[in-house]
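S.K.: Generate coordinates for the sequence data below:
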Amino acid sequence: MTRPVVFVAGGLCLVALVAGLWLGSGQAGLTETEVINAMADRYVAETGGARTECLAVPGSAEKVWLEVRCGSGDGLAVYPVDHRGRLIAVDAAPEA
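M.R.: Now for the predicted structure:
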């Protein structure tokens, strides 16, 4: 290979490395507390309930990191969240 090709390939690798570190650092810093607070805020906005009615348990499905459960009894809302902090599906119906 010629010298310019090596420099271009090395430059592209360096750009990919920097981009990967920059984009990945935002995901690596996501904490369980941030996810619970975000889902609790959603619960309050949807139902008018209190943030203190929410708790999180480890996910029961394969791609679910946390299940944030808010309310109780007939008003139980479950928010399954993946490792990126995204809501997978909203299950506001009561659990059987």
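
S.K.: Please count neighbours and contacts with C-alpha atoms only from this point.
M.R.: Will do.

S.K.: which stretches of this structure form strands?
M.R.: Taking DSSP state E, the strands of the chain run over residues 54-58, 66-70, 77-81.

S.K.: can you give me how far the worst-scoring helix or strand of the chain on mean pLDDT is from the chain middle?
M.R.: Lowest by mean pLDDT, DSSP states H and E among the helices and strands of the chain is helix 3-28, with a mean of 81. Centre-to-centre, helix 3-28 and its host chain are 25 Å apart (CA atoms, centre = their mean, to the nearest Å).

S.K.: Number of residues surrounding Pro80?
M.R.: Residues lying near Pro80 (other CA atoms under 10 Å) number 26.

S.K.: wouldn't it be in contact with Lys63 here?
M.R.: No - judged on CA atoms under 8 Å, Pro80 makes no contact with Lys63 at a distance of 9.1 Å.

S.K.: Can you give me the distance of Trp65 to Glu46?
M.R.: Counting by CA to CA, to the nearest Å, the gap from Trp65 to Glu46 is 22 Å.

S.K.: So these two - more neighbours on which side?
M.R.: It is Trp65, of Trp65 and Glu46, that has more neighbours when counted by other CA under 10 Å, with 20 against 10.

S.K.: need the contact list for the more buried one.
M.R.: Pro58, Gly59, Pro80, Val81, Asp82, His83 (CA atoms under 8 Å, 6 or more residues apart in numbering).
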